[in-house]
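> With the sequence up front, the predicted model follows.
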Amino acid sequence: MDILEFTSAIRNLDKIILTEDEFIFHAGTKIEGSKVFSNGGRVLNFVAKSDSFKESREIALNLIKKINYDLENKLATINRISE
């Protein structure tokens with residue numbers, strides 16, 4: 001089964017309050033009504049600017065932890081390479 005076939009509601013995205021050094025880029029999302037859904041691939045990119053890579057990574061990971069989506073257990077590849 002191809003993981004890209006799935007769409008999943010992304011919850012709590014609207015509750016995240018970003019600072020001027022934090023960004024969320026939508027790469028594979030769609031909006032239906034007032035809800036945001038994944039639409040295949042790497043759906044969101046979380047970016048944080050700081051004085052070090054380690055700090056930026058920690059900030060981005062904390063932002064990611066604030067969202068919830070149905071396929072999160074199947075898409076647990078986030079940041080595996082940089083760990």
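Nice, thanks for sending it over.

> From now on I want contacts and neighbour counts done on CA atoms only, so please keep to that.
Noted.

> count of residues packed around the closest residue to Ala27 other than its chain neighbours?
Distances taken as CA to CA, 6 or more residues apart in numbering place Val43 nearest to Ala27, at 4.9 Å, with adjacent residues excluded. Using other CA atoms under 10 Å, Val43 has 15 other residues around it.

> Who are the contact partners of Val43?
By CA atoms under 8 Å, 6 or more residues apart in numbering, Val43 lies in contact with 26-29.

> Now do the phi/psi pair for the residue nearest to Ile59 when sequence neighbours are not counted.
Nearest non-adjacent residue to Ile59, counting by CA to CA, 6+ apart: Ala48, 6.3 Å away. The phi/psi pair for Ala48 (degrees, to the nearest 10) reads phi -140, psi 140.

> Mind listing the residues bridging to Ala48?
With DSSP bridges as the criterion, Ala48 is bridged to Glu22.

> Do I have it right that it meets Leu63?
No. Counting by CA atoms under 8 Å, Ala48 does not reach Leu63; the two are 9.3 Å apart.

> how close does Thr29 get to Phe46?
From Thr29 over to Phe46 the distance is 14 Å, taken as CA to CA, to the nearest Å.

> The two: who's more crowded?
Here Thr29 and Phe46 are compared on neighbour count by other CA under 10 Å; more neighbours surround Thr29, at 20 against 17.

> okay but Ile67 is in contact with Ile10, surely?
Yes. With contacts counted by CA under 8 Å, Ile67 reaches Ile10, the gap being 6.8 Å.

> So those two - more neighbours on which side?
Set Ile67 next to Ile10 and count neighbours by other CA under 10 Å: Ile10 wins out with 20 against 15.

> Fine, thanks again, bye for now.
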